[in-house]
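Asker: Below is the structure, and that's it, no one-letter string:
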């Protein structure tokens, strides 16, 4: 379970980094690069959400064993 939480946290960090990079590119007027980084951010965020759900589901089962 800890591994799943750690992986989810890593994906959240990657998403945040990609969002910041996208914002920097957009501020510079580089919309194509900003869009690319925004798409990566969404992918990382979606994956982090799925991992977080999995970790949450597993942590609920520990007390019932």
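Answerer: Cool, got the structure. Note that this is a predicted model, so its numbers are computed, not measured. Numbers count the residues shown, from 1 in each chain.
Asker: Name the nearest residue to residue 16, sequence neighbours excluded.
Answerer: Using Cβ to Cβ, 6 or more residues apart in numbering and skipping residues adjacent in sequence, the residue nearest residue 16 is residue 41, 7.9 Å away. Backbone N, C-alpha and C define where each C-beta goes, glycine included.
Asker: same check, this time on residue 31
Answerer: residue 25 (7.6 Å).
Asker: Show me what the helix or strand where the residue nearest to residue 16 lies is packed against.
Answerer: Per DSSP states H and E, residue 41 falls inside helix 31-62. Where contact means 3 or more Cβ pairs under 8 Å, 6 or more residues apart in numbering; DSSP states H and E, helix 31-62 is packed against helix 2-27.
Asker: Now do the helix it packs on, average pLDDT.
Answerer: Mean pLDDT, helix 2-27: 94.
Asker: what's the angle from it to helix 31-62?
Answerer: Orientation of helix 2-27 against helix 31-62 (axes from the mean of the first three to the mean of the last three Cα atoms, to 10 degrees) gives an angle of 160 degrees.
Asker: surely residue 48 meets residue 12?
Answerer: Yes - using Cβ atoms under 8 Å, residue 48 is in contact with residue 12, at 4.5 Å.
Asker: Which one's more surrounded, these two?
Answerer: residue 48 (20 against 17; other Cβ atoms under 10 Å).
Asker: Tell me who's in contact with residue 17.
Answerer: Residues near residue 17 by Cβ atoms under 8 Å, 6 or more residues apart in numbering: none.
Asker: how near is it to residue 58?
Answerer: 26 Å (Cβ to Cβ, to the nearest Å).
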